[in-house]
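Novice: Predicted model follows, preceded by the sequence.
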Amino acid sequence: MAGNFIPAPDPDFDDWQDPLLKYIAKNLAALGVSAETLAALIAAQTIWTTAYGTHQATQAQALTDRQAKDDARAAFIALIRSVVGQIQKNPAVTDAQRAAMKITVPGATHTPAGPPTSFPVGKIDTSARLRHTVEFRDEATPASRAKPAGVAACEVWLFIGATAPAGPEAMHLQAVDRSTPYIMEFDSADAGKTAWWALRWVNTANEYGPWSPTISATIPG
């Protein structure tokens, strides 16, 4: 096919296009290319270069923002735990007050929730190059980001291949994620391949729920 000579991944295309235009510019007559056509190529190149640079900056900023969010959450949680620990040691604090704050009530008995009975429903965002953002929500509450009662995390399993895996046993565990979404960054060599995902809940007792349907998407280059 005529378009196969053009590299698919954006970085490869960017490395390839500039020498191409420079060669054409030096050999207009020999190649039979007009000055007007060269001007159109250069104009299109300028638009591409600007858009690609903006895209790269946006992706880098997104990674920075996620790390800042994760760091802020970790620091916030550490402070909360410290303050709650002080509250728990205060003999004047009642169990009713603890319950109102939704913190641990010492001595309270809890009925084990048992293994999860529902499965996570996955949705893949492929808008960023070499990235899948896998959002997961419980099948029973698709409008909520909350996990089912007693669930600690979502197991995220992955398989890369042209055809669907025979089942989860043919996949590998990619992550145990406590909050949605899970973000997977792929290598350039994976661009254009198909990634297959399967999910399941795991509770605080390390008991597993049923598997989700396998979902798939092409890895964007």
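Specialist: Cool, the structure landed.

Novice: which helix in this protein runs the most residues?
Specialist: Scanning the chain for the longest helix, with DSSP state H as the assignment, gives helix 35-89.

Novice: quick one: buried residues of the helix or strand following that helix?
Specialist: Per DSSP states H and E, the first helix or strand lying C-terminal to helix 35-89 is helix 95-101. If you call a residue buried by 16 or more other C-beta atoms under 10 Å, then helix 95-101 has these buried ones: residue 98. The C-beta positions use only the backbone N, C-alpha and C, and glycine is treated the same way.

Novice: which residues touch helix 95-101?
Specialist: Helix 95-101 is touched from outside by 84, 87, 88, 104, 105, 106, 108, with contacts defined as C-beta atoms under 8 Å, 6 or more residues apart in numbering.

Novice: Might you list the low-confidence residue ranges for the protein?
Specialist: Residues of the chain meeting the criterion pLDDT under 70: 1-3, 108-113.

Novice: Centroid-nearest residue for it?
Specialist: With distances taken as C-alpha atoms, centre = their mean, residue 183 lies nearest the centre of the chain, 1.8 Å away.

Novice: List the contacts of it.
Specialist: Contacts for residue 183 were tallied using C-beta under 8 Å, 6+ apart; they are 66, 131, 132, 133, 134.

Novice: and these, which are buried?
Specialist: Burial by neighbour count, 16+ other C-beta under 10 Å: within these this picks out 131, 132, 133, 134.

Novice: Could you measure from the first one over to residue 7?
Specialist: So that's residue 131. Taking C-beta to C-beta, to the nearest Å as the measure, residue 131 falls 19 Å from residue 7.

Novice: Name the SS class of the residue nearest to the centre of the chain, please.
Specialist: Assigned by DSSP: H, G, I helix; E, B strand; the rest coil, the conformation of residue 183 is strand.

Novice: from now on call the first residue 36
Specialist: From this message on, residue numbering opens at 36, which makes the last subject residue 218.

Novice: ok so, going back, packing partners of the longest helix of the chain?
Specialist: Secondary-structure packing of helix 70-124 (3 or more C-beta pairs under 8 Å, 6 or more residues apart in numbering; DSSP states H and E): helix 45-61, helix 130-136.
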